[in-house]
Every structure is written in C-alpha cells, then in structure tokens.
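Enquirer: when you get a sec, could you give me coordinates for this:
(2 chains)
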Amino acid sequence: MIFEDIKLLLTEKFGPGVIVGEETGGLQPALLIEPGQIASVCLELRNNPKTYFDFLSSLTGVDYGPEAMRFGVVYHLASIPYKTQLTLKVSAENDRDLNNLPSFPSINAVYRTADWHEREAYDLIGIFFEGHPDLRRILLPDDWEGFPLRKDYKTAEFYKGIKID
Amino acid sequence: MNSSNPKYDTALNNYNQKIADAAAEDMVLNMGPQHPSTHGVLRLELITDGEIVKEVIPHLGYLHRCFEKHAESLTYQQTIPFTDRMDYLASMNNSHAFVMGVERMLGIDKDIPKRVEYIRVLVCELNRIGSHLIAIGTYGIDIGAFTPFLWCFRDREHIMGMLEWASGSRMLYNYIWVGGLFYDLPVGFEERCREFVDYFKPKMVELNQLLTDNKIFIDRTANIGVLPLDVAINYGCSGPMLRGSGLKWDLRRIDNYSAYPELEFDVPVGKGEMGAIGDCWDRYKVRVDEIEQSLRIIEQCLNRLQKELKRSPDFDPRAKMPRKTIPKAQDYYVRCEGARGELGFYFMADGKSEIPARVKARAPSFSNLSVLPEIAKGVMIADLVAIIGSIDIVLGEVDR
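Expert: Reported below is the predicted structural model:
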C-alpha cells in the first residue's frame, strides 16, 4: 500500500482530524498524527489486512530544541508481509518544566517493542507515556536528575556527592 | 526522583513494592552484573521459587556511554568510531549501516565504486563469522562445553588478524568511511582470505560434530526457551532470533542493499529439528548455518575482487568521499542486517551543519533482550542461562 492509500485509509476510519500534516520532502515520507489517537492508529495499521504494519522497528523521542519548545516521538513501522515501511510522528508543545513532562499515549499494548523503547525515551529525553505499565528509567540509575538528551541539559557535576570528571 | 509530580514516581514505587513483597515470600536473586553467563554487564533480578524462575527483571545501563549524546556533538565522519563501540563483536556491520544511511542522505550511494562495495561486504561477512563464532563458543561454555569455546576463538583469531591487517585494529576498525574506505585492502589480502576459507570449512564440520549433534547439548537446548513467531514479531526481535522462530526475514535480501543483490546465499531458518520451532537449539543452528552462508558470500566476493574488480594502482577508495558531509534537511531511517538483527540508525539532519540534530541507534540486541522476561517465565535457573546465551546479546549495543 502506498503512502496516499494509507492516508486515505486513516482519514476514512478516524476522520480528517487524525492526520495533522505530512512531511514528503525527504527520502522517507512521514505522517504527522494527532497525538491523542496514535495508539488507535497504530492498532488499526497493525490489524488492517491491507497494511499489516506488524513490526515496530524503532521508536525515537525527539527534543526539537529550546526555541521550538516542542517534543515529539517518531515511530518507524515495518510490514513483514508487504515488506513496506512507514514513519509516523507525533509532537506537542511543552514548557520544558521538569514537573510537566510532555505526554503521549503509550503504544505498548500494540507493540511490545515499545515497552523498552518508551522507557528509553522517558529516561533520556523526559517524555511521559500515558498508560505505560512500568515507566521507570532504563539506562540511567533510578535517582538520576534531569534528562541528558534534552538540548538544554547541563552536564551534572556531582552524582551522590561524587565529583564527575 | 527529582520531580515533585507523583505521577512520575509511580512505576518506581510499584517496582520497589514488588521486590519487597517478593523478598518476603520468595527469594530475590541477583544474577550479574558481573556474571559470566550474562555475557557482559547485564543484571538480572530473579524472583525465584526454589529453582524455578517466577519472574526476570533485567536492569541495563551498566555500559551506557551516551552514544546518542556524543553523536549530537560530532560530525558524521567523527561518529563512525563510536558506532564501532556499540556492537563491538561486529563493528564492521555497525559502521556499514551508519555509513549507508549518511550516503543515502547525501545522495551519493549510487556512486560508490563496485570494488568498495564488495570490500565492505567482504569485511562485514568476515566480521559476522567472527561474531557468530563467539556466540557459538560462549554458548557452549554456558551449557558446560569448554572445547568449542577454545576452537571458536582459535578460528576467530584468524579473522581478527586479517581485519587488523586491513584496518590496523583488532576489534574497533573505523574502516568503512562515508563515501569509501580507510584504505584499499592490503596486497595479498584476497589470497590469505581464500586460504582462511579453505582452512575454515573443515573446521565447521568438526564444530558441528562437537556441538550441534552433541546429545548433552541437544538435551540442554531443545525445547528450552521456545519463542513463538508472533511473540518474536511483537517484541521486535530480529536476526537469528526471528529466523530461529521460523520466519525467513533477512534485510540483506529484503532491502537488497550494497552488493548483496548480486550475491547468492540462502537464508537459514529454524525448523524445529530437535524440538519445537524457535527453541534455543534452533537459534543456535541458524547461526551455524549463517556462518556457512557467509563463507559462500566471501568466496563470491573474492572471485569478483580478484577478477573483474581487481586492484589497480590508480584505484582510490577515498575518491568519492565528500569534502563536506552536509545532507539536505531531512529525516532518514536506515536499517540493515547486523550480526544480531535489524540494526537501524535514525538521522535528523538540519541541512546546515555536518553535525546531525539527532541520531538514534536502534540496536538489535536491545529489542531481542526485551523478550527475555516473556520467555523465561517459569523456567529453571540453569535453563535461563541457556536462554540468555541463545539470545546472543552484546551489552555494548544494548546500553549504547
């Protein structure tokens, strides 16, 4: 199924509001999805016999920088029966306050791959995934402060009173 | 945690509560991070009832070296040595994937000379054999067989020697560069590589006699850690893990990148010869069969490299190297078949600088390992060791 067909399929199923934009400039076109519906969109794309995107290749958390005040998640889906790939993106504005993390629905129930990938995005970028069953830090220690892959992250000087060189 | 929002601490509190409860009823056992059978610094927290594993909680990050953070402050070319350090047993495959992604973004992937492509495939497949030899050898040691380990390392040493000859380093090569190679192969490499193939083929027969058909080995691995195909796909498993569950899915064939469409090789899959499809023995056997297929690829590469793509004095492997590596503003996800499965890099280029705005590495071991808690429920502790060995993780890649 080509890109335009997938767009049509999604708008027919979820209404025109589900796709908020698209990026077709590069080598791989991407669909910008309305953040609240990402889990149901993924479920539909996985279960629909016309698409069968049954493999989540990668899930990336993105910080678009302090000027944009925007965070996003990029999903790379692949279909094993059809040998196709698809990129989905969600993004939302956020004030970069550590007590108010950007939040997106978890797709852990659709792809279990997302379990650890979402934990990684939470750990390194500070994106909260609503409905994730076990959203703990995964690569860094549980008591780490801040989110290192954020563009405005200041390298910690001390960890538990130990100077970091 | 540092936040005052209690929502972010819920999962940690739940986890702590679970461990506290389990410690009262059952036993909580820490396996690793310094444990030989976890193949690196992986810590598994086991909740056990006697010898039975009720639950496995993996703890990662002991080898986290901030690959993605480094990549955001270095140019594309400078990042290549860092990719080597992800899957340090198959470094060539890592840099090949990374370089391919950058070349496609620059639009020069079609201009790469054939000789360069064939050398890349040659060294990648040599490295894949070396990596699978470690997987098989250390797997033997996990199960209790010491000889295969020593034999595998003896044969791997020849590969290490050859790759060192080509790149100057034993394990972390930095050999494949954007637009070309570090140097052409040293004079006499092809001949020595052919000698190695001739030497190695009978050794594989010996190894098969020693391990593959070994009664004890089969008893320890057949029907253990069965991974059904639907679970494997849903957890994002790839490589020998996915093929061991019976699916013919090899990105070298699916995506047909580099010189692979011109080469003949089969994709081995698990058939459940000794037990159920997708058990530890199947995963092991897929790796053994892949070594044989890699040898086929190497022979074909050597034929080409010695005949129509013969070395010539004026051949410059750096001729197509871009002066400035500045791709147009775009996102690109590249995937290729590493030694352990789908190795992907996601680039976000801003179109202005040589430094990517974001690089995400999709490591195959990371997703492969995430299935462990699922398939290790209710197994014996000794079988858990067999399952971890069959997943063949490299912690450098899991933690990045």
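
Enquirer: how confident was the prediction at the spatially most central residue of chain B?
Expert: For chain B, B:Arg340 is the residue whose C-alpha lies nearest the centre (Cα atoms, centre = their mean; 3.1 Å). For B:Arg340, the model assigns a pLDDT of 90.

Enquirer: excluding its backbone neighbours, what's nearest it?
Expert: Closest residue in space to B:Arg340, ignoring its immediate chain neighbours: B:Pro364 at 4.2 Å, by Cβ to Cβ, 6 or more residues apart in numbering or on different chains. In short, each C-beta sits where N, CA and C put it, glycine included.

Enquirer: for the one you found, give its distance to B:Asp316.
Expert: 34 Å (Cβ to Cβ, to the nearest Å).

Enquirer: picking that back up, which residues sit in contact with the residue nearest to the centre of chain B?
Expert: With Cβ atoms under 8 Å, 6 or more residues apart in numbering or on different chains as the criterion, the residues that contact B:Arg340 are B:87, B:90, B:131, B:238-241, B:364-365, B:368, B:392-394, B:397.

Enquirer: now with 10 Å, please.
Expert: Contact partners of B:Arg340, counting by Cβ atoms under 10 Å, 6 or more residues apart in numbering or on different chains, are B:87, B:89-90, B:93, B:128, B:131-132, B:135, B:238-241, B:287, B:363-368, B:391-394, B:397.

Enquirer: tell me where the model's unsure across chain B.
Expert: Across chain B, residues meeting the criterion (pLDDT under 70) sit at B:1-4.

Enquirer: domain assignment for it?
Expert: Residue ranges for each domain of chain B read B:6-59, B:67-399, as given by automatic domain parsing.

Enquirer: can you get me the start-to-end distance on the last one?
Expert: One end of domain B:67-399 to the other measures 9 Å (Cα to Cα, to the nearest Å).

Enquirer: and the helices in chain A?
Expert: For chain A, helices defined by DSSP state H occupy the ranges A:3-14, A:38-47, A:113-124.

Enquirer: buried stuff in the first one?
Expert: Within helix A:3-14, the residues that qualify as buried by neighbour count (16 or more other Cβ atoms under 10 Å in any protein chain shown) are A:Phe3, A:Ile6, A:Leu9, A:Leu10, A:Phe14.

Enquirer: can you give the contact residues for it?
Expert: Looking at helix A:3-14 with Cβ under 10 Å, 6+ apart, the contacting residues turn out to be A:1, A:16-19, A:22, A:24, A:28-31, A:33-34, A:37, A:40-41, A:44-45, A:48, A:50-51, A:53, A:84, A:86-88.

Enquirer: among those residues, which are in strands?
Expert: Using DSSP state E to define strands, the subset of the contacts of helix A:3-14 located there is A:Ile19, A:Glu22, A:Ala30, A:Leu31, A:Ile33, A:Thr84, A:Leu86, A:Thr87, A:Leu88.

Enquirer: got JSON lines for the residues you listed, with pLDDT too?
Expert: Written out in JSON lines, the entries for the ones in strands among the contacts of helix A:3-14 read as follows (pLDDT from 0 to 100):
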{"residue": "A:Ile19", "pLDDT": "84"}
{"residue": "A:Glu22", "pLDDT": "84"}
{"residue": "A:Ala30", "pLDDT": "88"}
{"residue": "A:Leu31", "pLDDT": "88"}
{"residue": "A:Ile33", "pLDDT": "89"}
{"residue": "A:Thr84", "pLDDT": "89"}
{"residue": "A:Leu86", "pLDDT": "90"}
{"residue": "A:Thr87", "pLDDT": "91"}
{"residue": "A:Leu88", "pLDDT": "91"}
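
Enquirer: just the buried residues from the residues you listed, in PyMOL please.
Expert: Restricted to the buried members of the ones in strands among the contacts of helix A:3-14, where burial is judged by 16+ other Cβ under 10 Å, the PyMOL selection command reads as follows:
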select buried, chain A and resi 19+22+30+31+33+84+86+87+88
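
Enquirer: and chain B, which of the ones in strands among the contacts of helix A:3-14 reach it?
Expert: Of the residues in these, proximity to chain B by Cβ under 10 Å from any Cβ of the partner chain holds for A:Ala30, A:Thr87.

Enquirer: which one of the ones in strands among the contacts of helix A:3-14 is nearest to B:Glu164?
Expert: Of all those, the one with the least separation from B:Glu164 (Cβ to Cβ) is A:Thr87, at 39.1 Å.

Enquirer: touching, the closest one and A:His76? I think so.
Expert: Yes: between A:Thr87 and A:His76 there is a contact under Cβ atoms under 10 Å: 5.7 Å.

Enquirer: just to revisit the earlier point, tell me which element the residue nearest to the centre of chain B is part of?
Expert: Assignment of secondary structure by DSSP states H and E places B:Arg340 within no helix or strand.

Enquirer: and it, how close does it get to B:Pro373?
Expert: Between B:Arg340 and B:Pro373 the computed distance is 19 Å (Cβ to Cβ).

Enquirer: same question for B:Cys336.
Expert: 28 Å.

Enquirer: B:Asp266 too?
Expert: Using Cβ to Cβ, one obtains 33 Å as the distance from B:Asp266 to B:Pro373.

Enquirer: of these two, which one has the most company?
Expert: B:Pro373 (16 against 13; other Cβ atoms under 10 Å in any protein chain shown).

Enquirer: what sits against A:Leu32?
Expert: By Cβ under 10 Å, 6+ apart, the contact set of A:Leu32 is A:Ile19, A:Val20, A:Gly21, A:Glu22, A:Glu23, A:Gly72, A:Thr87, A:Leu88, A:Lys89, A:Val90, A:Ser91.

Enquirer: save the residues you listed as JSON lines, and put in distance to B:Lys215 too.
Expert: As requested, the contacts of A:Leu32 are arranged in JSON lines below (distance: Cβ to Cβ, whole Å):
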{"residue": "A:Ile19", "distance to B:Lys215": "59"}
{"residue": "A:Val20", "distance to B:Lys215": "61"}
{"residue": "A:Gly21", "distance to B:Lys215": "61"}
{"residue": "A:Glu22", "distance to B:Lys215": "59"}
{"residue": "A:Glu23", "distance to B:Lys215": "57"}
{"residue": "A:Gly72", "distance to B:Lys215": "54"}
{"residue": "A:Thr87", "distance to B:Lys215": "49"}
{"residue": "A:Leu88", "distance to B:Lys215": "50"}
{"residue": "A:Lys89", "distance to B:Lys215": "53"}
{"residue": "A:Val90", "distance to B:Lys215": "53"}
{"residue": "A:Ser91", "distance to B:Lys215": "57"}
